[in-house]
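A.B. asks: Following is a predicted model, sequence given first.
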Amino acid sequence: PKPNAHLFMGFLFLTVPLSAWYQMTFLPTCSLLLVVWMCDTGALVVGRLSKTLQQPHRIQLLPVPKWLQSISPSKSMEGILGGIIVGTCTTIWLVPFVLAWADEDDTNNRSEQKQQHTILLGVILSLLAILGDLVESGVKRTTGRKDSS
């Protein structure tokens, strides 16, 4: 990889999150970060737990696609599903707090449609968090770096 590619990726990794943070206010930004962290943590815990449970029996519950293994060999489908579930649950838990902070008056009387939108938002945010993790893994793999720090 060329040094210009490293500079460009570093520029993107700094400017995109900072410009998004500038557009948002503090509580929604912290809520978004919490959903991403919880999704990542849920994926790690469920993935490791499933590998521990599968190891004595040498079975794989959900096969990992080859393209995913080429990007990040340690990822498991169980971990990805665990991350989506934990991230979605975190979103469902956080939305009433964010709406209350934004002075939305109907936080106690949420309609079924709003609940469905909240679940959909949680799934989308979780998928984007996992996609971001895969992009970071791909960048690390192409640059030959194991640690992103």
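C.D. replies: Yep, it's here. None of the values given here were measured: they were computed from a predicted structure.

A.B. asks: what comes up buried for the top helix by length along the chain?
C.D. replies: Ranked by residue count under DSSP state H, the longest helix found in the chain is helix 112-143. Using 16 or more other CB atoms under 10 Å as the test for burial, helix 112-143 gives Thr118, Leu121, Gly122, Leu125, Ser126, Leu127, Ala129, Ile130, Asp133, Leu134, Ser137, Val139. (Each C-beta comes from the backbone N, C-alpha and C, glycine too.)

A.B. asks: roughly how far apart are the first one and Leu94?
C.D. replies: Thr118 sits 9 Å away from Leu94, going by CB to CB, to the nearest Å.

A.B. asks: Then the fifth one?
C.D. replies: With the distance defined as CB to CB, Ser126 ends up 13 Å from Leu94.

A.B. asks: which residues do those two both contact?
C.D. replies: Shared contacts of Ser126 and Leu94, defined by CB atoms under 8 Å, 6 or more residues apart in numbering, comprise Val35.

A.B. asks: And the helix or strand harbouring Thr29, what's buried?
C.D. replies: For Thr29, the enclosing helix or strand under DSSP states H and E is helix 26-54. Using 16+ other CB under 10 Å as the test for burial, helix 26-54 gives Ser31, Leu32, Val35, Val36, Met38, Cys39, Asp40, Gly42, Ala43, Val46, Gly47, Ser50.

A.B. asks: As a markdown table, the residues you listed with distance to Gly87 and pLDDT would be great.
C.D. replies: Compiled in a markdown table, the buried residues of helix 26-54 are given as follows (distance: CB to CB, whole Å; pLDDT from 0 to 100):
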| residue | distance to Gly87 | pLDDT |
| --- | --- | --- |
| Ser31 | 12 | 84 |
| Leu32 | 11 | 85 |
| Val35 | 5 | 92 |
| Val36 | 8 | 93 |
| Met38 | 6 | 94 |
| Cys39 | 3 | 95 |
| Asp40 | 8 | 94 |
| Gly42 | 7 | 95 |
| Ala43 | 9 | 94 |
| Val46 | 11 | 93 |
| Gly47 | 14 | 90 |
| Ser50 | 17 | 86 |
